[in-house]
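Colleague: I would like to see how this sequence folds:
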Amino acid sequence: MINFYLDSDSFEVGSILTGSCLFTPDTQKKEKPLKLTIGWRTEGRGDKDKEVLYETEVKPSERTYFKCKIPMAGPVSYDGQLLRIIWEIVVTRKKIIGQDKLKTQVLHVIPRQL
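Modeller: Numbering: from 1, shown residues only. Below you'll find the predicted structure:
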């Protein structure tokens, strides 16, 4: 089981996203570490875009703390008809070919409040 612990799921551009992740294996067999990434991606029409801002290893049965600055330039989260900008924390497991997404936490990045 994978759990995220965040102060909020909404962050202003320029703010610091802090939190932790705990990976508790379901079985007694030895598990390899997982990969946690924080970033954004686009969905919809046109070219797909993606940026990973932070990456770390998540070890079994250990709490992993993370800290990532949301760029002042954004982008902010957006959910339109033709385009979506999705900020997310993703935990993946490496496979022989590619990766398995095990858990995703969507974040909301908003413009700076004056």
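
Colleague: Quick check: pLDDT value at the residue nearest the centre of the chain.
Modeller: Centroid check for the chain by Cα atoms, centre = their mean gives residue 89 as the closest residue, at 1.1 Å. Model confidence at residue 89, expressed as pLDDT, equals 97.

Colleague: Spell out the residue ranges of the helices in this structure.
Modeller: Along the chain, counting by DSSP state H, no stretch forms helices.

Colleague: Count the neighbours of residue 16 for me.
Modeller: 10 (other Cβ atoms under 10 Å). In this view, the C-beta of every residue, glycine as well, is placed from N, C-alpha and C.

Colleague: Pretty sure it sits against residue 70.
Modeller: Yes: using Cβ atoms under 8 Å, residue 16 makes contact with residue 70 at a distance of 7.5 Å.

Colleague: Could you report the neighbour count for the nearest residue to the residue nearest to the centre of the chain once chain neighbours are set aside?
Modeller: Take residue 89 and drop its neighbours on the chain: the residue closest to it by Cβ to Cβ, 6 or more residues apart in numbering is residue 105, 4.4 Å away. Residues lying near residue 105 (other Cβ under 10 Å) number 17.

Colleague: Could you pull up the residues touching residue 105?
Modeller: 4, 6, 9, 88, 89 (Cβ atoms under 8 Å, 6 or more residues apart in numbering).

Colleague: Provide a ChimeraX selection command restricted to the buried entries of those residues.
Modeller: Listed next is the ChimeraX selection for buried residues among these, using 16 or more other Cβ atoms under 10 Å:
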select :4,6,89
